[in-house]
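*Asks:* What follows is a predicted protein model with its sequence.
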Amino acid sequence: MQACIIVPCFNEEKRISSDSFIKFSNDNDHISFIFVNDGSTDNTNEVLTHITTESPKNSFIKLSHNQGKAAAVRAGMLLAHQKGFTHIGYLDADLTIPLETAKGLIRSLDEKKVDFVFASRTKRFKRQKGQSLFRQTIGHSFSLLSRTILQMPIKDTQCGAKFFRSTNVPVLFEAPFMSKWIFDVEIFFRFKEHHHGNVKTNFFEYPLDYWEDNHDSKVKFMDYVKVPYTLMSIFIYYRT
């Protein structure tokens with residue numbers, strides 16, 4: 001097994017922990033990182049240069065301008081597939097989910113004999129740290145709405161840690177996404193369509209023991225306002 005973790009980065013100079021990525025990478029020979037600099041205007045590029053210099057098996061690419069998380073993740077996933085990695089996924093740069101947990105998600109692809117493993121925050125509410133009432137309310141409402149339109153037995157579509165067997169990457173990531181931020185819902189729709197609706201035994205929802213909320217989320221208030229419209233647009237598109 002050779003795994004790759006895609007890390008989308010936009011103005012992460014002050015949040016990304018270089019030492020954490022370098023140490024984890026050097027301690028785990030079978031796991032590499034591809035960082036995607038999504039048109040950052042700060043010193044993110046210098047930080048990524050330092051990480052990949054100290055741990056040369058890792059790499060990064062720089063997008064010409066900011067395109068949003070969906071495009072950054074997609075670019076990294078397709079590149080990792082080209083490079084021949086067998087297990088590929090993505091994780092947020094601020095490590096609200098610890099790297100050791102990401103290792104557990106990767107391992108679960110083989111242990112559970114599935115094509116898709118995704119982290120779930122809703123099964124361990126008491127261990128979630130720092131989430132505001134507003135974010136929690138929005139999260140629960142979004143989760144209910146997305147589960148309703150997906151009609152899949154899942155609890156959390158939006159947690160930023162998802163891993164796949166590489167054979168699924170072209171099917172799920174070849175086409176651009178409709179939304180910059182809630183593209184995860186589109187991934188579930190594509191996965192469901194690819195497996196002709198028979199997905200219950202082909203994915204695993206990985207319950208998190210720890211997750212720390214990020215107070216510096218780059219999702220703006222207007223993005224939250226647009227969520228119902230965007231979800232319905234996605235639903236109509238994939239249903240037709």
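*Replies:* Perfect, thanks for sending it. Numbers count the residues shown, from 1 in each chain.
*Asks:* For the chain, give me the ranges with low pLDDT.
*Replies:* Of all residues in the chain, those with pLDDT under 70 make up the ranges 123-147, 197, 213-225.
*Asks:* which residue ranges form the helices in it?
*Replies:* 18-27, 44-54, 69-82, 99-111, 133-150, 169-173, 183-194, 221-239 (DSSP state H).
*Asks:* same for the longest one, what does it pack against?
*Replies:* Under the contact definition 3 or more C-beta pairs under 8 Å, 6 or more residues apart in numbering; DSSP states H and E, helix 221-239 sits against helix 133-150, helix 183-194. (Each C-beta comes from the backbone N, C-alpha and C, glycine too.)
*Asks:* List of residues touching the shortest one?
*Replies:* Think helix 183-194. The contact list for helix 183-194 (C-beta atoms under 8 Å, 6 or more residues apart in numbering) reads 69-70, 73, 115-116, 146, 149-150, 152, 154, 157-158, 162, 168, 171-172, 177-179, 199, 203, 231, 234, 238.
*Asks:* Quick one: buried ones out of those?
*Replies:* Buried members of these, scored by 16 or more other C-beta atoms under 10 Å, are 69-70, 73, 115-116, 146, 149-150, 152, 154, 157-158, 162, 168, 172, 177, 179, 199, 203, 231, 234, 238.
*Asks:* returning to that earlier point: dump the helices of the chain to TSV, plus distance to Val36.
*Replies:* Formatted as TSV, the helices of the chain follow (distance: least, C-beta to C-beta, whole Å):
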stretch	distance to Val36
helix 18-27	14
helix 44-54	9
helix 69-82	4
helix 99-111	16
helix 133-150	25
helix 169-173	13
helix 183-194	14
helix 221-239	20
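*Asks:* So which of those helices has the densest surroundings on average?
*Replies:* Burial of those is given as mean neighbour count (mean count of other C-beta atoms under 10 Å); helix 69-82 ranks first at a mean of 22.
*Asks:* ok, how many other residues are close to Lys112?
*Replies:* Here the count is done by other C-beta atoms under 10 Å, and Lys112 has 15 residues near it.
*Asks:* isn't Thr201 right next to Val114, touching?
*Replies:* Yes: here Thr201 reaches Val114: they are 7.5 Å apart, a contact under C-beta atoms under 8 Å.
*Asks:* Among the two, which residue is more densely surrounded?
*Replies:* Taking other C-beta under 10 Å, Thr201 and Val114 do not tie; Val114 has more neighbours (17 against 10).
*Asks:* my read: that one touches Glu205, true?
*Replies:* No: using C-beta under 8 Å as the test, Val114 is too far from Glu205 to be in contact (10.2 Å).
*Asks:* what touches both of these two?
*Replies:* Residues touching both Val114 and Glu205 (C-beta under 8 Å, 6+ apart): none.
*Asks:* residues in contact with the residue nearest to Ala75 when sequence neighbours are not counted?
*Replies:* Nearest-residue entry for Ala75: Val36, 5.6 Å, with adjacent residues in sequence omitted and distances by C-beta to C-beta, 6 or more residues apart in numbering. Neighbour list for Val36: Ile6, Val7, Pro8, Cys9, Phe60, Ile61, Leu63, Ala72, Val73, Ala75, Gly76 [criterion: C-beta under 8 Å, 6+ apart].
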